[in-house]
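Chemist: Need a 3D model of the sequence below.
(chains A, B and C)
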Amino acid sequence: MFEHLDPRSSTPLYAQIANRCRVAIAAGELHPGAALPSVRHLAAQLRVNPATVVQAYRDLEADGFVEMRQGAGTFVREVAPEGRARERARQASALVRQLLADAGRLGVSLPELQAAIAEEIGVGTS
Amino acid sequence: MFRVMLYSQWKWCRLIVVLGSVAGFALPLVSVQGAARADSSPLQAGELLQAVQSWGTLYPVLAAALGLLVAIATWAPDHRGRHVHALSLPVPRWRYVLLRFSAGAVLLAAPILALSAGAVLATWSATIPAGLQGYPVALAIRFALAVLLAYAVFFAVSAGTARTAGIILAVIGSVILVQVVASVANVDFDLLGKLQVAVLNWPGPLAIFTGRWMLIDV
Amino acid sequence: MSNAIEIHQLHYRAGRTFEIKDLDLSVPAGAIYGFLGPNGSGKTTTIRLALGLLRPLAGRITVLGDTIPENAPHVLARVGFVPEQPHLDPVLTVRETLRFQAAFYPAWDWPWAERLLRQFELQEQQPFGRLSKGQKGKLMMLLALAQRPELLVLDEPTDGLDPVVRRDVLSALLDYVSQRRATVFISSHLVHELERFCDWIGVMDNGRLITAVPMERFKNGVKRLRISDAPPTPDSPPFVLLAREPANGTTETWLVRDWEPQMTRYFESIGAVVNDVIDLDLEEGFVELLRTFRSPRS
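Modeler: Residues are numbered from 1 along each chain as shown, chains lettered A, B, ... in the order given. All right, here's what the predicted structure looks like:
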């Protein structure tokens, strides 16, 4: 789940970690009540600062995805389907934003991009 | 702390200590046998003295060798590692040095005890004139003092920086070189002899190395 | 105690060419401080001075609240040190080395040492001298961690180790840091490695500390800008211009420090266009910083 953590990306590491968890929860991979890896375990496994993991978990808690229980760990909360849908929409927007930014940098125009998207979707569903 | 120091020092010195103990045990036996055999009649007094002379020199040599080798073995790993390990340990430098010295001294007890045992066995087995029965104890004590003195001197030299040890060795080397050159050039200049008289015979701790070791005299 | 290590106006000289002068360095307690610098910049010497292995010519050094070198033994009991070169007795086996070290550190944790021994897959009966480089590196980290120190001072602990061993060593380190709020001072010239977990960065070059800032400020602050139609002499920019190179046509590449996103307005005011703001990863930022520090501004 946590492969491809990129310290060089402009997204801070804690945000990348939190994002992975969000995606997993939204997609239903992590069920409500499931325990996230302990701060100690994850910091050692990913070789990141434990403060980074703590910040990621706090972010998730602020968004209502998990709850941090003193002494017990961090557990996934029951997220309503609307919450999950909202998260998926957020992820989709982020993807599109990235795509548009990359296209702009490469000099690909919007019509060209839309044509490519249509073709790829067509290929995918055929 | 002392226990682990002793253990590591044992690992470095064990060959020296074992060989030294064997030599220390054998030396009195062999030398007294040599002297005793020559003592059968007055006609062989000269032989007795000669035997005593030749065997007697081995004691101080063994004592000096043991002291030197154990001292070197104690400090060689430290010098090789540029003192990083010793300096990174949470003990003051003086305490570390004291622990090392004590460990080496404890290890040197083995050859000393071996020599005492050998001396006791030698006097018990050979026919020696009465009055020399106290000889093994005297010999052992003298040997012990000589070993510890040699150890202390060489320990002090080795514990210094590599530069100090190098300087001392360079001085010794140059003295020998001067002597060699002098004898080659046929110049009558007995530097080593004079030094030997000055250092070893002068009444002081180093005099323990000279004089009669075997106490068997006519 | 707010700073685990405090170095003030350190002065040291070795030989005729190498000198550390006016060095001021502070490592906050609980931080993971990355100490970067090219080979020969003085990282190892600074570490040795900080732990009392060398004597400075001048300056004040305080580690964990005690002065160095007067109280060095008392401090060293609470510091886990991994030096640049393997420094342990080559004759002792792994198990014997553990026993030796354990005798000197009152806080030694045997159960944890045993667990790390198994985790690192070290052969107990192998003499230290016959271990591979990776195994030596793992053992030295094990010894530093098992004494449960308040401060870890690591001099290029992963240098020359293969990637698998590097991961093992760093995982064990971060595992420990998560358990207790220890301070870590780790020097390396493997920048990408430190990037993942350091929250402070100090950069040393040629005996001088050229920058010491929180990691975020270092990473975010240095940017590469693609600018078009910039005037030859821009007046007082809000950022620090480190370098300026022509790219193609009217486009230039600007290397800047202390950048903030709203500074694009500055370019509008001088009639230029910001085509792109490129992040530099830590390694590039480090290289550029050294480059601009060593040569005069273009």
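Chemist: May I see the domains of the chain written out as residue ranges?
Modeler: Since you didn't name a chain, this refers to chain A. Following automatic domain parsing, one gets these domains for chain A: A:13-76, A:81-125.
Chemist: Can you look at chain C instead?
Modeler: Using automatic domain parsing, chain C is parsed into the domains C:3-215, C:223-279.
Chemist: close to chain A, is the shortest one?
Modeler: Yes: for domain C:223-279 and chain A, the contact criterion (C-beta under 8 Å from any C-beta of the partner chain) is met by C:Asp276, C:Asp279. In this view, the C-beta of every residue, glycine as well, is placed from N, C-alpha and C.
Chemist: likewise the longest one?
Modeler: Yes: residues of domain C:3-215 contacting chain A under C-beta under 8 Å from any C-beta: C:32, C:167, C:170-172, C:174-175, C:177-179, C:192, C:195-199.
Chemist: Show the end-to-end separation of that domain, please.
Modeler: 17 Å (C-alpha to C-alpha, to the nearest Å).
Chemist: Let me see the residues that make contact with the helix or strand in which C:Ile186 is found.
Modeler: C:Ile186 is located in strand C:183-188, with elements delineated by DSSP states H and E. For strand C:183-188, contacts defined as C-beta atoms under 8 Å, 6 or more residues apart in numbering or on different chains pick out C:4-5, C:27-37, C:43-44, C:47, C:150-159, C:173, C:177, C:194, C:198.
Chemist: run the last query once more with 6 Å
Modeler: By C-beta atoms under 6 Å, 6 or more residues apart in numbering or on different chains, the residues outside strand C:183-188 that reach it are C:4, C:27, C:29-35, C:43, C:151-156, C:194.
Chemist: Going by neighbour count, list what's buried in the helix or strand just after that strand.
Modeler: The helix or strand immediately downstream of strand C:183-188 is helix C:191-195, counting by DSSP H and E. For helix C:191-195, burial by neighbour count (16 or more other C-beta atoms under 10 Å in any protein chain shown) applies to C:Val191, C:Glu193, C:Leu194, C:Glu195.
Chemist: Can you report how many residues lie near the nearest residue to the third one once chain neighbours are set aside?
Modeler: Just to be clear, that refers to C:Leu194. Nearest residue to C:Leu194 in three dimensions, chain neighbours excluded: C:Gly34, at 3.9 Å (C-beta to C-beta, 6 or more residues apart in numbering or on different chains). For C:Gly34, the count of nearby residues is 24 (other C-beta atoms under 10 Å in any protein chain shown).
Chemist: Then C:Val184?
Modeler: 26.
Chemist: Tell me the pLDDT of it.
Modeler: Here, the pLDDT recorded for C:Val184 equals 96.
Chemist: A:Leu42 now?
Modeler: 92.
Chemist: Can you tell me the element B:Pro111 falls in?
Modeler: helix B:93-125.
Chemist: tell me the contacts of C:Phe128?
Modeler: The contact partners of C:Phe128, taken as C-beta under 6 Å, 6+ apart, are C:Leu88, C:Pro90, C:Leu92, C:Thr97.
Chemist: a helix runs through the second one, doesn't it?
Modeler: No: judged by DSSP: H, G, I helix; E, B strand; the rest coil, C:Pro90 forms no part of a helix; its state is coil.
Chemist: per-residue confidence for it?
Modeler: With respect to pLDDT, C:Pro90 has a value of 90.
Chemist: Same question for the last one.
Modeler: Taken from the predicted model, the pLDDT recorded for C:Thr97 is 94.
Chemist: Number of residues surrounding it?
Modeler: 24.
Chemist: Which strands and helices lie in contact with the host helix or strand of it?
Modeler: According to DSSP H and E, C:Thr97 maps onto helix C:94-102. On a contact count with 3 or more C-beta pairs under 6 Å, 6 or more residues apart in numbering or on different chains; DSSP states H and E, helix C:94-102 meets no helix or strand.
Chemist: Let me have the domains of chain C in a markdown table, extended by distance to B:Trp75.
Modeler: Shown next, in a markdown table, are the domains of chain C (distance: least, C-beta to C-beta, whole Å):
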| stretch | distance to B:Trp75 |
| --- | --- |
| domain C:3-215 | 13 |
| domain C:223-279 | 51 |
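Chemist: out of those domains, deepest packed?
Modeler: Looking across the domains of chain C with neighbours counted as mean count of other C-beta atoms under 10 Å in any protein chain shown, the highest average goes to domain C:3-215: a mean of 19.
Chemist: helix, strand or coil for residue 86?
Modeler: This is for chain A. Going by three-state DSSP: A:Arg86 is helix.
Chemist: Correction: the question concerned chain C.
Modeler: coil.
Chemist: can I assume it is in contact with C:Gly137?
Modeler: No: look at C:Pro86 against C:Gly137 with C-beta atoms under 6 Å: they stay out of range, at 8.1 Å.
Chemist: what's the overlap in contacts for those two?
Modeler: With C-beta under 6 Å, 6+ apart, C:Pro86 and C:Gly137 have no common neighbours.
Chemist: Helices of chain C, start to end?
Modeler: C:43-50, C:72-76, C:94-102, C:110-119, C:133-146, C:163-179, C:191-195, C:215-221, C:264-269, C:282-294 (DSSP state H).
Chemist: Show which residues not belonging to the last one make contact with it.
Modeler: Yep, that's helix C:282-294 we're talking about. So helix C:282-294 is contacted by C:Leu36, C:Val191, C:His192, C:Glu195, C:Asp205, C:Ile210, C:Lys219, C:Val222, C:Leu242, C:Ala243, C:Leu255 (C-beta under 6 Å, 6+ apart).
Chemist: Need the three-state assignment for the residue minimising distance to the centre of chain A.
Modeler: For chain A, the residue sitting closest to the mean C-alpha position, by C-alpha atoms, centre = their mean, is A:Asn19 at 2.4 Å. Following three-state DSSP, the label given to A:Asn19 is helix.
Chemist: Count the neighbours of the closest residue to it other than its chain neighbours for me.
Modeler: Spatially, and ignoring its direct neighbours in sequence, A:Asn19 is nearest to A:Thr11 (7.7 Å; C-beta to C-beta, 6+ apart). Neighbourhood size, A:Thr11 [other C-beta under 10 Å]: 12.
Chemist: could you say what helices and strands the longest helix seen in chain B packs with?
Modeler: Ordering each helix of chain B by length in residues (DSSP H) puts helix B:2-37 first. With contacts taken as 3+ C-beta pairs under 6 Å, 6+ apart, helix B:2-37 sits against helix B:45-56, helix B:58-80, helix B:93-125.
Chemist: which parts of that helix are buried?
Modeler: Buried residues in helix B:2-37, defined by neighbour count with 16+ other C-beta under 10 Å: B:4-6, B:8-9, B:11-13, B:16-17, B:20-21, B:23-25, B:27-29, B:31-32, B:34-36.
Chemist: go on, stretch C:276-296?
Modeler: Buried-residue list, stretch C:276-296, by 16+ other C-beta under 10 Å: C:Leu280, C:Asp281, C:Leu282, C:Glu283, C:Glu284, C:Gly285, C:Phe286, C:Glu288, C:Leu289, C:Leu290, C:Thr292.
Chemist: Pick the most buried one from the domains of chain A.
Modeler: Ranked by mean neighbour count, those are led by domain A:13-76 with a mean of 18 (mean count of other C-beta under 10 Å).
Chemist: re earlier: now the angle between helix B:2-37 and the helix holding C:Thr97, please.
Modeler: 110 degrees (axes from the mean of the first three to the mean of the last three C-alpha atoms, to 10 degrees).
Chemist: Show me what helix C:94-102 is in contact with.
Modeler: B:Val4, C:Leu88, C:Trp108, C:Ala113, C:Leu122, C:Glu124, C:Gln126, C:Phe128, C:Leu143.
Chemist: Which of those residues sits closest to chain A?
Modeler: Checking these against chain A by C-beta to the nearest C-beta gives C:Ala113 as the nearest, at 17.0 Å.
Chemist: Just the pLDDT for the closest residue to that closest one other than its chain neighbours.
Modeler: Of all residues not flanking C:Ala113 in the chain, C:Ala146 sits nearest, at 3.9 Å (C-beta to C-beta, 6+ apart). As predicted, C:Ala146 sits at a pLDDT of 96.
Chemist: dump the residue contacts of C:Ala146.
Modeler: Counted by C-beta under 6 Å, 6+ apart, C:Ala146 has contacts C:Asp109, C:Trp112, C:Ala113.
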